[in-house]
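Chemist: next comes the sequence, and after it the predicted model I'd like to discuss.
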Amino acid sequence: MTADENVAIMRRGYAAFNSGDLNTLVELFDEGAVWHLPGRSRFAGDYQSREATLAYFGQLAQQTGGTFQAELQHLLADDEDRVIGIQRSEHFHDLYAWDEFWA
């Protein structure tokens, strides 16, 4: 895939996450995906598989009444077709506050 195609996939993934479009997330995430969440909260740790990652997303939605959003701010692509997404999610500006919130 080209960098432009990967950027489009990333945008689609963020839109699906924010709208709760589970079918698209299942399509986009590899079965062997690993999601790492830093910190010491009850959610912290590694989610090993697409199923575990999507279950974590579901917990976020349930615990926040569906209000949790990940705001995609920038996508950076290089000549190797790699893409990095920079997002803003309210909790990550202060990881310890996030831990305390979920304690």
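Modeler: Here it is on my side, so go on.
Chemist: how about the helices in this protein?
Modeler: 3-19, 22-28, 50-63, 95-102 (DSSP state H).
Chemist: which one of the ones you listed lies closest to residue 42?
Modeler: helix 95-102 (5.4 Å; C-beta to C-beta). Glycine gets a C-beta too; all of them are placed from N, C-alpha and C.
Chemist: quick one: the closest one to chain centroid distance?
Modeler: 18 Å (C-alpha atoms, centre = their mean, to the nearest Å).
Chemist: the helix or strand bottoming out on mean pLDDT in the chain versus helix 50-63: what angle between them?
Modeler: Every helix and strand of the chain was ranked by mean pLDDT, DSSP states H and E. The lowest is helix 95-102, at a mean of 79. For helix 95-102 against helix 50-63, the angle by axes from the mean of the first three to the mean of the last three C-alpha atoms, to 10 degrees is 70 degrees.
Chemist: so what touches helix 95-102?
Modeler: Helix 95-102 is contacted by residues 38-44, 63, 91-92 when judged by C-beta atoms under 8 Å, 6 or more residues apart in numbering.
Chemist: show me which pair in those is furthest apart.
Modeler: Of all the pairs that the contacts of helix 95-102 form, the one spanning the most space (C-beta to C-beta) is 38 and 63, at 17.9 Å.
Chemist: the more surrounded of these two?
Modeler: Neighbour tally, residue 38 and residue 63, criterion other C-beta atoms under 10 Å: the higher count belongs to residue 63, 14 against 11.
Chemist: neighbours around residue 31, how many?
Modeler: There are 8 residues near residue 31, going by other C-beta under 10 Å.
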